[in-house]
Structures are given as structure tokens and as C-alpha cells.
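> build me a model from this:
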Amino acid sequence: MTGALPDLAVCDGRTVYVCLDANAATNGMVRQARAALCKELAGRGCKVKICNLPLADGVNGPDDYIGVCGDDAMGKVIAEAVEPDAELPEFADDALALAFTEKYGDDLRYIDAWGRWCYWNGHLWETDNTLSVSTRPALCAGKRLVRRKPKAQRSAPGLP
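Numbering: from 1, shown residues only. The predicted model follows:
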């Protein structure tokens, strides 16, 4: 079957909250599917609101988020839902930063105090003296890209 499901008729003219997987901010295919759904719903006279699930360990979809973070946390996600036009454009700095962090966040860190990138070599963090990080295409989004904590087993004394 192609096109919208007939079941969407139940939404006609209503306020609809769209909440897809947590990786919707970083996965282009999920983002495209969400945009197509929002367009279809708007064409049916719906007021569409998008719920953005925060990235969290063990969380993929809304059901996981409720299980891990609880009903109150999900209520906050719903309360903070945005209009589709309020979302970040795909190539906005913040959207690129999220995509870069999703892809490289466990292996790269920018240490502002040092003015340098560090990479995980499999055993410890090393300073990138070769500028190889700057060849990564998403780096254009700026130094604030990698702010996510590294995996617990990768922490090391002296590394901010």
C-alpha cells in the first residue's frame, strides 16, 4: 500500500502529537518520515505538534522513554512539543552538531581549555596532532559539537 493509511481519518481536524524515535533529530530517514506524516496530517486539517524525545541510554521510542524516565518525564516532553516549523532545519548548526555527536560522540571530544580535539584510541584518550578530526565533514558545525560524556570506561584523570 502506498500513501496514507485510511486509519489516519480518525485524526482529521484534531490536535495530533507526533512522537517518533529519539534518533529523529539525527537520522535523516526518520526525519523525512516524520515530515511526511506531519504534512499529511496538516492536509487533513490537524494541528500538529512534534514531541522530541531526549537521547537517553536504553531509549529508542516513547514506550522506552516512559519505562526508563517515567510518566512525568514523558508529560514534560509532550508539554514542550513544538510546531513542525519550529524544528531545526536539517543543516542548521545545532542539527549538524547533533548528527556529528551521534556519529562521533563516543570517540571524539573537543577540549576547549586545550584548544584541541582528542580521540579514543581503543585504550585511552589521545590528542589529535594530525588534524584528522578536521577532515570529518560535520566538523563545520563548530567546536561545541561534542559535549556528551564519553562512556564510563573511557574516563581518564586529567581529561575534562
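> can you pull the pLDDT of residue 82?
We have a pLDDT of 90 for residue 82.
> next one: residue 146
So, for residue 146, pLDDT stands at 41.
> can you tell me which residues contact the nearest residue to residue 77 once chain neighbours are set aside?
Nearest residue to residue 77, sequence neighbours excluded (Cβ to Cβ, 6 or more residues apart in numbering): residue 51, at 5.0 Å. Glycine gets a C-beta too; all of them are placed from N, C-alpha and C. Contact analysis of residue 51 by Cβ atoms under 8 Å, 6 or more residues apart in numbering lists 17, 18, 19, 62, 77, 78, 80, 81.
> again, only using 7 Å
17, 18, 19, 77, 78, 81 (Cβ atoms under 7 Å, 6 or more residues apart in numbering).
> tally of neighbours for the last one?
For residue 81, the tally of surrounding residues (other Cβ atoms under 10 Å) stands at 16.
> thought it was touching residue 17?
Yes: assessed by Cβ atoms under 7 Å, residue 81 is found in contact with residue 17 at 5.6 Å.
> overlap in contacts, these two.
Counting by Cβ under 7 Å, 6+ apart, the residues touching both residue 81 and residue 17 are 49, 51.
> ok, back up a step: pLDDT value on the residue nearest to residue 77, please?
92.
> ok, now the one 4 residues further on?
Residue-level confidence at residue 55 comes out at 80, pLDDT.
> which residue is the nearest non-sequential neighbour of it?
Nearest residue to residue 55, sequence neighbours excluded (Cβ to Cβ, 6+ apart): residue 22, at 5.4 Å.
> and the helices in this protein?
Along the chain, counting by DSSP state H, helices occupy 28-43, 62-69, 71-79, 93-104.
> distance check, the residue nearest to residue 77 against residue 82.
Residue 51 sits 8 Å away from residue 82, going by Cβ to Cβ, to the nearest Å.
> cool, and residue 25?
Using Cβ to Cβ, we find residue 25 at a distance of 12 Å from residue 82.
> between those two, point out the one with more neighbours.
residue 25 (20 against 13).
> tally of neighbours for the residue nearest to residue 83 when sequence neighbours are not counted?
Leaving out its chain neighbours, the residue that sits closest to residue 83 by Cβ to Cβ, 6+ apart is residue 49, at 6.7 Å. Residue 49 has 18 neighbouring residues, counting by other Cβ under 10 Å.
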